[in-house]
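Trainee: got a structure for you, letters missing:
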């Protein structure tokens with residue numbers, strides 16, 4: 001079994017790891033730049049001091065002063081004290097003549113001592129020396145050391161120009177204690193570590209709280225979804241619904257989904273109940289009359305009438321099953337909405353002709369307001385034919401005898417508006433909002449117009465929704481009118 005790591009732990013580790021990585025990189029960069037900066041400054045200071053001392057020594061020796069003169073040594077000691085450095089004054093072979101500064105062993109150990117030959121050779125070759133060393137423990141600590149030759153010059157008797165002697169009269173080394181820089185860097189590093197640990201702890205606390213605020217709602221939603229999946233359809237996630245961020249949006253989406261599923265479940269229950277009711281009534285009737293004929297309860301002279309009732313209820317069952325199959329096909333994900341051009345007026349008139357017998361039976365007054373030319377629209381002619389048939393069939397069915405039946409087509413704004421109306425009983429306003437529901441009938445008793453199954457208008461609405469078209473209904477003053485739209489070519 002795999003070890004499970006919580007989202008809280010993963011997110012916290014990722015955030016803290018990134019913060020620690022950033023602190024490490026920034027610290028390394030900062031300490032490196034600081035070290036280089038102070039090291040470069042130390043070298044520049046040493047080179048500047050060495051240059052000044054060499055200039056003075058060159059001038060002093062050129063005027064006849066010697067390296068062992070008291071005045072010259074006093075100058076060297078003053079420079080060493082002022083610059084907080086160590087100065088070694090040497091013969092050309094590296095033997096120390098005079099030394100001043102704090103970074104030195106007892107004076108008697110320097111008597112007769114010589115600067116290492118490798119340093120003297122480098123200086124004589126390059127006319128300069130730079131390095132970090134103790135000169136084989138001549139200096140008490142690791143130091144930054146710069147060396148320059150001490151040259152003398154003479155005046156040209158003819159031109160009066162100064163001519164430099166190529167052979168150095170002496171060598172000058174000046175050193176600065178490197179341990180001070182290392183101590184500074186050590187203190188800086190310690191301060192950085194303390195600061196980094198404090199920042200990391202604060203970051204862990206803040207990130208822990210922030211991640212917890214993300215994970216807690218997800219846990220709550222997971223529990224709510226689990227309850228919802230186990231039948232607790234009234235479960236809602238309201239604790240974080242007012243948050244103005246993605247968590248709040250997710251909570252709102254979850255609640256909307258739960259509401260939608262609850263409504264779907266309610267509609268499913270109603271659908272099953274309605275189907276059961278629609279099937280039970282004719283089947284009970286058929287079974288009752290069939291048993292009556294078989295057991296002799298119904299006299300022979302009334303058997304024909306009973307058989308007619310059985311035939312009527314059988315046809316009603318057939319219509320119900322056919323409508324339900326149509327509805328299933330319309331709602332199937334495999335249904336492809338065909339798009340082609342056709343004349344909406346021609347379709348409407350063709351349906352009107354197919355219902356001529358029912359219209360004549362009720363002696364209805366048909367009034368049409370159609371454009372002179374064709375009304376070309378986009379859609380599936382067969383589907384639109386079914387829409388027109390269902391609406392016209394309903395209009396004829398619920399029209400009063402010798403009443404008015406209207407058909408009207410108008411166009412505006414790229415849409416064709418097809419209106420079908422009839423003169424009959426006014427539909428109450430509270431029924432209009434449910435008139436397109438499955439198995440809905442305006443009469444609460446469900447007894448009148450038994451040939452209807454309450455799916456015709458729902459199928460109309462479903463077909464028009466497939467093409468993103470609208471349908472509306474108005475009913476007042478004993479006149480009801482349905483209007484739907486189609487897109488013009």
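Mentor: Okay, I see it. Since the model is a prediction, treat every value here as computed from it, not as a measurement.

Trainee: just for the stretch 251-400 of the chain, where's the confidence low?
Mentor: For the stretch 251-400 of the chain, the stretches with pLDDT under 70 are 270-271, 273-275, 277-278, 281, 323-324, 326-338.

Trainee: what about the nearest residue to residue 306 once chain neighbours are set aside, neighbour count?
Mentor: Among residues not flanking residue 306 along the chain, residue 289 sits closest, at 4.3 Å (CB to CB, 6 or more residues apart in numbering). Yep, even glycine has a C-beta here, placed from its N, CA and C like the rest. Other residues near residue 289 number 21, with proximity taken as other CB atoms under 10 Å.

Trainee: again with the one 5 residues further on
Mentor: Neighbour count of residue 294, defined by other CB under 10 Å: 9.

Trainee: I'd like the distance between it and residue 301.
Mentor: From residue 294 across to residue 301, the span is 16 Å (CB to CB, to the nearest Å).

Trainee: returning to that earlier point: for the residue nearest to residue 306, list the residues it contacts.
Mentor: For residue 289, the contact set (CB atoms under 8 Å, 6 or more residues apart in numbering) comprises 298, 306, 307, 309, 310.

Trainee: in which helix or strand would I find it?
Mentor: In the assignment (DSSP states H and E), residue 289 maps to helix 246-294.

Trainee: What's the local residue count around residue 98?
Mentor: 16.

Trainee: could you point out which element follows the helix or strand encompassing it?
Mentor: Assigned by DSSP H and E, residue 98 belongs to strand 96-100. Counting by DSSP H and E, the next helix or strand C-terminal to strand 96-100 is helix 117-126.

Trainee: Adjacent strands (with direction) for the following helix or strand past that following helix?
Mentor: The C-terminal neighbour of helix 117-126 among helices and strands, as given by DSSP H and E, is strand 129-133. The strands beside strand 129-133 in its sheet (DSSP bridges) come out as strand 143-150 (antiparallel).

Trainee: Name the residues of the partner strand that come out as buried.
Mentor: By neighbour count with 16 or more other CB atoms under 10 Å, strand 143-150 contains the buried residues 143, 144, 145, 146, 147, 148, 149, 150.

Trainee: same deal with stretch 123-139?
Mentor: Under 16+ other CB under 10 Å, the buried positions of stretch 123-139 are 123, 124, 129, 133, 134, 135, 138, 139.

Trainee: Moving C-terminal from the helix holding residue 289, which element do we reach first?
Mentor: Next along from helix 246-294, by DSSP H and E: helix 303-331.

Trainee: On the three-state scheme, residue 480 is what?
Mentor: Following DSSP: H, G, I helix; E, B strand; the rest coil, the label given to residue 480 is strand.

Trainee: Give the bridge partners for it, please.
Mentor: What pairs with residue 480, by the bridge criterion (DSSP bridges), is residue 422, residue 475.

Trainee: wouldn't it be in contact with residue 421 here?
Mentor: Yes: at 6.2 Å, residue 480 and residue 421 qualify as touching, with contact defined as CB atoms under 8 Å.

Trainee: which neighbours do these two share?
Mentor: residue 395.

Trainee: before we move on, back to that, now the contacts of residue 289 in TSV, with distance to residue 16 and neighbour count?
Mentor: Formatted as TSV, the contacts of residue 289 follow (distance: CB to CB, whole Å; neighbours: other CB atoms under 10 Å):
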residue	distance to residue 16	neighbour count
298	88	18
306	85	19
307	85	14
309	81	14
310	80	18
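
Trainee: pLDDT on the host helix or strand of residue 182, on average?
Mentor: Assigned by DSSP H and E, residue 182 belongs to helix 179-229. For helix 179-229, mean pLDDT rounds to 81.

Trainee: Report the buried residues of stretch 251-270.
Mentor: Within stretch 251-270, the residues that count as buried by 16+ other CB under 10 Å are 251, 254, 255, 258.

Trainee: what's next to stretch 296-309, contact-wise?
Mentor: Counting by CB under 8 Å, 6+ apart, 285, 289, 291, 292, 293 sit against stretch 296-309.

Trainee: Just the buried residues from those residues, in PyMOL please.
Mentor: Only the buried entries of the contacts of stretch 296-309 go into this PyMOL selection, using 16+ other CB under 10 Å:
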select buried, resi 285+289+293
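
Trainee: for the chain, what's the longest helix?
Mentor: helix 7-62 (DSSP state H).

Trainee: how far is that helix from where the chain is centred?
Mentor: With CA atoms, centre = their mean, to the nearest Å as the basis, helix 7-62 stands 41 Å off its chain's centre.

Trainee: pLDDT averaged over it, what's the number?
Mentor: Helix 7-62 comes out at a mean pLDDT of 81.

Trainee: Also stretch 148-159?
Mentor: 68.

Trainee: Can you report how many residues neighbour residue 371?
Mentor: Residue 371 has 12 nearby residues by other CB under 10 Å.

Trainee: With adjacent residues omitted, what lies nearest to it?
Mentor: Spatially, and ignoring its direct neighbours in sequence, residue 371 is nearest to residue 409 (6.2 Å; CB to CB, 6+ apart).

Trainee: Whatever helix or strand that neighbour lives in pairs with which strands, parallel or anti?
Mentor: Per DSSP H and E: residue 409 is located in strand 404-412. Using DSSP bridges, the strands paired with strand 404-412 are strand 365-369 (parallel), strand 415-423 (antiparallel).

Trainee: do you know which of these lies nearest residue 178?
Mentor: Residue 178 lies closest to strand 415-423 among the strands paired with strand 404-412, at 89.1 Å (CB to CB).

Trainee: right, and the helix or strand after the closest one?
Mentor: Toward the C-terminal end, the helix or strand that comes next after strand 415-423 (DSSP H and E) is helix 429-432.

Trainee: Now do the same for the helix or strand just after that next one: mean pLDDT, whole number.
Mentor: On the C-terminal side of helix 429-432, the nearest following helix or strand under DSSP H and E is helix 456-466. Averaged over helix 456-466, pLDDT sits at 82.

Trainee: any idea how far residue 253 is from the most centrally placed residue in the chain?
Mentor: Of all residues in the chain, the one closest to the mean position by CA atoms, centre = their mean is residue 246, 9.1 Å from it. Per CB to CB, residue 246 is found 10 Å from residue 253.

Trainee: and the closest residue to residue 131 other than its chain neighbours, what does it touch?
Mentor: Of all residues not flanking residue 131 in the chain, residue 145 sits nearest, at 5.5 Å (CB to CB, 6+ apart). By CB under 8 Å, 6+ apart, the contact list for residue 145 reads 46, 119, 129, 130, 131, 132, 133, 135, 139, 173, 174, 175.

Trainee: How about the backbone phi and psi for residue 116?
Mentor: Main-chain dihedrals, residue 116, degrees, to the nearest 10: phi -50, psi 140.
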